[in-house]
Every structure is written in structure tokens, then in C-alpha cells.
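Participant: With the input below, show me the fold.
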Amino acid sequence: MAERFAGDWLALREPADHVARPESLLGPLNDALAGCKTPLQVLDLGSGAGSNLRYLAPRLTGPQHWTLVDHDADLLATISAPDGAVTVTPQVLDFSGAPPPVPPDAGLVTASALLDLVSANWLDRLVMTLTEWPVPALFALSYDGRIEWSHPHAADERVRNAVNRHQRTDKGFGPALGPEAAAYCARALTANGLRVITETSDWQLGQGQAALAAALIGGWAEAAAEMEPQGRPLFQDWARSRVRDIADGRVHLSVGHCDMLVLGKH
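Facilitator: Now for the predicted structure:
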């Protein structure tokens, strides 16, 4: 079973997610979708509480129907269509073993904050699916391992290394590729003849995002302690210090993410 995410965490991260996503991919995406039948059929993998829908639907042209796939029925139940030109169908499905099949009428496959959770085997199957059924795809907000602070702390690098090792543990899809996932996926897609455009979609967190930063830093400290139990006191002290730094406006935090647009074969 894939990892569950609390609704309050998803709500907390949504504004940072939306600000981070690069607008530069929208033009090529809409160009690629121009010839699709209407309404555009969108398959959203791991849709959670619908953040990807709320971001992307208003930025696509014309009527759309979204099939929202997730294993968490409670999160899916919170989602409503953003307006009359967009309709939604929630689908409760555990796709931890393999990506679900792409429906024959699909015009776009998309996912947000998913690729870094899955295994190489899972991604290989996704690449094969997109190679055999080459519809456009947009994969947003894959964590890429970069954690950058405007002012250093002695424990920053140790925490980052431990967190990135934790990101490679099993998140419900087999041993996760974690920070390597986006690059791995892009290489595999390109090797299969598909066109790939990538852009950074980094979180930029300062005093105005203190609540999100505090939750993130606390989660990092716990993840680091799981990898290095002997370091728990140090990680907890680091977390308290970094939460104060953000809340007081002394530091700025950048968290590396990548957005990937997949287009047809060359």
C-alpha cells in the first residue's frame, strides 16, 4: 500500500507547490493538446486532495474531464470540480504494484509529487506505458535532493544526507528512487525516443511560509533520526534552531524540485 499523507499536510504545502510550478511548460503542453478531442481526458495519478487539478485545470484550454486516481478514498472525497467546464471522476485504486493502464481516450497523463516515491521497476513500467501509448504527460514537483539554506548550520549537510537516504527507502512502491527519480525517468523516456522538457520547481520558504517550513523541518529531523538513531538529539536541536531561524526571518530555505513535460516521439 502506498504511503498515506495527511490532508492537513497536503493543504499546508499546496500554496508553495503552486507558486513553485514553472509556467514555461504550459505553452508547449497546450500546443501538444491542441488537436485532442474535447473534453480533454486527463488521468491524474496519486491525486490526493486534488492540488494538481486545482493548479492545472484553469491553465489548460477548453473543457476537461479528470479521472483522479488515488488509494485514499477519504482524500478523494474532498475533491470537487473547479468550474462547470471541468468535470471529475474519483477512482479509488491501489497502484503501488504498477502504474494503472492509460485509458484509450486519454489525452494527458499527469501527477504531482509522485515520482520520487516510486521504485525503478515502477518507473520502468510507466516509461513503457508512455512509449506504447505516447500521450503528453506532465509530472510535477519531484524532489531532487537539494536542500539549500541562505546561512549555514553545522548540521545541515548531515541532515540532508540522512534525509536523502531515507527518501530511498520503501514508500509503498518498492525501494524508492527518491532524489534520483526525475533524472532516471527523463533518461529512460529520452532513450525510448520521447521528447522531455524539464524545469526546476523549487520551494522558496521564508518567514511567510513558517508553518510549512516547521512541519518540513520536523519531518526531516525524524527521518534523519530513523536513519541515524544515535544522532536524534543533534537532529532535534538542529530542527529547533532552524524552525526559529525561519520564524524570525533570519534564513531562507530552498527545497529542490523538478517538473517534467513529456511529449511525443521525435
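Participant: where does this protein dip in pLDDT?
Facilitator: 1-5, 265-266 (pLDDT under 70).
Participant: Mind doing that once more with 80?
Facilitator: For the chain, the stretches with pLDDT under 80 are 1-7, 264-266.
Participant: just the strands in it please.
Facilitator: 40-45, 64-70, 86-92, 108-112, 137-149, 194-200, 203-205, 253-265 (DSSP state E).
Participant: Next, work out how far apart the residue lying farthest from the centre of the chain and residue 151 are.
Facilitator: Ranked by distance from the centre of the chain (Cα atoms, centre = their mean), the top residue is residue 230, with 30.7 Å. Per Cβ to Cβ, to the nearest Å, residue 230 is found 27 Å from residue 151. Yep, even glycine has a C-beta here, placed from its N, CA and C like the rest.
Participant: cool, and residue 40?
Facilitator: Residue 40 is 46 Å from residue 151, by Cβ to Cβ.
Participant: circling back to that earlier point, can you say which of the strands of the chain is nearest to residue 127?
Facilitator: Between residue 127 and the strands of the chain, the tightest spacing by Cβ to Cβ is seen for strand 194-200, at 8.3 Å.
Participant: Just checking: what are the partner strands of the closest one?
Facilitator: strand 253-265 (antiparallel) (DSSP bridges).
Participant: Show me what counts as buried in the strand it pairs with.
Facilitator: By 16 or more other Cβ atoms under 10 Å, the buried positions in strand 253-265 come out as 253, 254, 255, 256, 257, 258, 259, 260, 261, 262, 263.
Participant: and the angle for that strand with strand 137-149?
Facilitator: Strand 253-265 runs at 160 degrees relative to strand 137-149, counting by axes from the mean of the first three to the mean of the last three Cα atoms, to 10 degrees.
Participant: Residue 56 - how many residues pack around it?
Facilitator: Close neighbours of residue 56, defined as other Cβ atoms under 10 Å, add up to 24.
Participant: residues contacting the spatially closest residue to it that is not a sequence neighbour?
Facilitator: Spatial nearest neighbour of residue 56, chain neighbours left out: residue 110 (6.6 Å); criterion: Cβ to Cβ, 6 or more residues apart in numbering. By Cβ atoms under 8 Å, 6 or more residues apart in numbering, residue 110 lies in contact with 42, 43, 44, 45, 52, 56, 137, 138, 139, 140.
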